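Enquirer: Quick one, fold the following:
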Amino acid sequence: MMPRYRPSKYVLNSKNEPAPVEDLELWAAAFEDNKIVKQEIVTELGGLWTPFTYPYVSTVFLGLDHNFSDHGPPIVFETMIFEGVYDQKGQWRYATWDEAIKGHERTVKMVKDPICMIGQIEYNFWYWIEYDGSFMLDNWKERMEVRWKKLMRRLSVLKNICMTVTKFKRRH
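Expert: From the prediction side, this is the model:
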């Protein structure tokens with residue numbers, strides 16, 4: 001049995017639904033509109049991330065079918081996390097615009113989770129040590145102590161948040 005023909009290139013129609021297209025020039029021209037579904041920089045909870053490592057979640061229309069089987073809908077949307085602990089470690093793909101929006105919101109919620117934030121703070125601390133260069137200065141020990149104290153205060157805040165959330169969940 002021969003596999004059925006499956007279009008590989010898609011554009012979004014006026015209802016944001018994927019529509020197959022054969023013409024390569026038409027397909028390429030559709031990407032001049034830049035089909036970003038949603039992008040979000042995650043900065044919540046009082047600047048727990050340092051400016052150079054704010055994670056951001058990006059959901060885009062791919063335009064190419066990433067469903068490589070002979071059945072099922074075309075998979076043409078993708079969500080990824082950039083920067084921080086989860087930098088390009090996850091990739092979620094969807095068939096419809098609505099699924100992509102829901103997946104994007106779910107991913108942002110995951111990044112905002114206090115447990116995820118603890119890892120993010122630790123990542124920022126080591127990033128700072130590696131890239132800040134201040135460890136080469138005469139007062140690097142004092143600067144490290146200040147950074148460490150800030151980190152410990154932030155972890156204490158996160159611990160309190162986690163405990164409050166846990167108590168709330170137990171009550172309800």
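Enquirer: Quick check: next helix or strand after the worst-scoring helix or strand of the chain on mean pLDDT?
Expert: Between all helices and strands in the chain, the lowest mean by mean pLDDT, DSSP states H and E belongs to helix 44-47, at a mean of 50. For helix 44-47, the following helix or strand on the C-terminal side (DSSP states H and E) is strand 56-61.
Enquirer: taking the mean pLDDT, what do you get for that next one?
Expert: Taken as a whole, strand 56-61 has a mean pLDDT of 92.
Enquirer: Adjacent strands (with direction) for it?
Expert: Here strand 56-61 has these sheet partners by DSSP bridges: strand 36-41 (antiparallel), strand 77-82 (antiparallel).
Enquirer: how about JSON lines for those, with mean pLDDT, distance to residue 25 and mean neighbour count added?
Expert: (Each C-beta comes from the backbone N, C-alpha and C, glycine too.) Listed next are these as JSON lines, based on pLDDT from 0 to 100; distance: least, CB to CB, whole Å; neighbours: other CB atoms under 10 Å:
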{"stretch": "strand 36-41", "mean pLDDT": "89", "distance to residue 25": "22", "mean neighbour count": "14"}
{"stretch": "strand 77-82", "mean pLDDT": "91", "distance to residue 25": "23", "mean neighbour count": "21"}
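Enquirer: Minimum distance to residue 147: which of the ones you listed has it?
Expert: strand 36-41 (22.9 Å; CB to CB).
Enquirer: Can you tell me what sits against that closest one?
Expert: With contacts defined as CB atoms under 8 Å, 6 or more residues apart in numbering, strand 36-41 is touched by 54-61, 77, 97, 100-101, 104, 108.
Enquirer: picking that back up, can you list the strands paired with strand 56-61 in CSV and add distance to residue 28?
Expert: Shown next, in CSV, are the strands paired with strand 56-61 (distance: least, CB to CB, whole Å):
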stretch, distance to residue 28
strand 36-41, 17
strand 77-82, 19
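Enquirer: What residues sit buried inside stretch 92-101?
Expert: Buried positions in stretch 92-101, judged by neighbour count with 16 or more other CB atoms under 10 Å: 92-97, 99-101.
Enquirer: quick check, nearest of these to residue 11?
Expert: residue 97 (12.8 Å).
Enquirer: list the contacts for that closest one?
Expert: Counted by CB under 8 Å, 6+ apart, residue 97 has contacts 12, 16-17, 37, 77.
Enquirer: 6 Å instead, please
Expert: Neighbour list for residue 97: residue 16 [criterion: CB atoms under 6 Å, 6 or more residues apart in numbering].
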